[in-house]
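Participant: What shape does this take:
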Amino acid sequence: MLSAVTVLPESTQQAVGYPSLFLLVAVGALVPVVPTGAVVSSAAVVALHQTSPVSLLGVFLVAAFAAFLGDTGLYWLGRRGMRSRNGSKWLQALRERAPEDRLEQAQRKLREHGVTVLVLSRLVPAGRIPVMLACLIAQWPLRRFARGNVPACLAWAATYQLIGILGGSLFAEPWEGLLAAVVLTVVISAAPALWRKVRA
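Facilitator: As a prediction, this is how the structure comes out:
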């Protein structure tokens, strides 16, 4: 399947790839079980092996926009849950993914540094949800959250695209670069949780 990527014409790859990338990243932002970083890195590897530099720009823009829409949608659903007497399944899911100590830390940093913490939270594995919940508890309006989330999503898309470019540039074959990018992304994502367990 991976070797087929090199056979398909570039226009076909883009016609199929961009909508798939958008859908996976947007759904991954709403339901944080899809490894969106690995998806973006993989798409960057494929784009790197195409002849047009527009492909890399397309991956960056599509990934950032999808992440922004997904985050904004999740925040909107969380705000609805905060206003509801019975809460919501989305708010409950956010609370389950934000341990009490991480949430307290996120709230403290949000009070001290404001939007900067929101930008950095997108770059730290498992950092996005506690900070988003802290924004909900602090009753940030949707507009304020969205303004801070724009640079966060741009930085996130650029970081994971760079991981893909690094992985893809090390190997001549796209499937080798794809594998390297996925492994590198998984290692980066798992490192903080592993470090916390070692310290505990």
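
Participant: and Leu2, what pLDDT?
Facilitator: pLDDT recorded at Leu2 is 43.

Participant: meant to ask about Ala98, not that
Facilitator: Ala98 is assigned a predicted lDDT (pLDDT) of 82.

Participant: what residues are up against it?
Facilitator: Residues touching Ala98, when contacts are defined by C-beta atoms under 8 Å, 6 or more residues apart in numbering, comprise Ala106, Ile129, Pro130, Leu133. (C-beta placed from N, C-alpha, C; glycine too.)

Participant: Could you dump these into TSV with pLDDT added?
Facilitator: What follows is the contacts of Ala98, written out as TSV (pLDDT from 0 to 100):
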residue	pLDDT
Ala106	89
Ile129	90
Pro130	91
Leu133	92
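
Participant: Put together CSV for those, with secondary structure and distance to Phe22 on each row.
Facilitator: CSV is the format used below for the contacts of Ala98 (DSSP: H, G, I helix; E, B strand; the rest coil; distance: C-beta to C-beta, whole Å):
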residue, secondary structure, distance to Phe22
Ala106, helix, 28
Ile129, helix, 21
Pro130, helix, 26
Leu133, helix, 25
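
Participant: Now do the helices in the protein.
Facilitator: 4-7, 10-30, 36-48, 54-83, 89-96, 100-113, 115-121, 128-137, 142-169, 174-199 (DSSP state H).

Participant: Now render these as TSV, adding mean neighbour count.
Facilitator: As requested, the helices of the chain are arranged in TSV below (neighbours: other C-beta atoms under 10 Å):
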stretch	mean neighbour count
helix 4-7	12
helix 10-30	17
helix 36-48	27
helix 54-83	19
helix 89-96	16
helix 100-113	15
helix 115-121	21
helix 128-137	23
helix 142-169	19
helix 174-199	15
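
Participant: which stretch in these is the model least sure about?
Facilitator: For the helices of the chain, the stretch scoring lowest in mean pLDDT is helix 4-7; its value is a mean of 44.

Participant: Surely Ala155 is in contact with Leu118?
Facilitator: No. Applying C-beta atoms under 8 Å as the test, Ala155 and Leu118 come out as separate, 10.6 Å apart.

Participant: Give the full set of residues in contact with Ala43.
Facilitator: Counting by C-beta under 8 Å, 6+ apart, Ala43 touches Gly17, Leu21, Val59, Ala63, Gln161, Gly164.

Participant: actually Leu120, not the one I wrote
Facilitator: Under the criterion of C-beta under 8 Å, 6+ apart, the contact partners of Leu120 comprise Gly127, Ala152.

Participant: ok, it to Pro130 distance?
Facilitator: Taking C-beta to C-beta, to the nearest Å as the criterion, Leu120 is separated from Pro130 by 12 Å.

Participant: quick revisit: closest to Gln92 out of the contacts of Ala98?
Facilitator: Nearest to Gln92 among the contacts of Ala98 is Leu133, at 11.1 Å by C-beta to C-beta.
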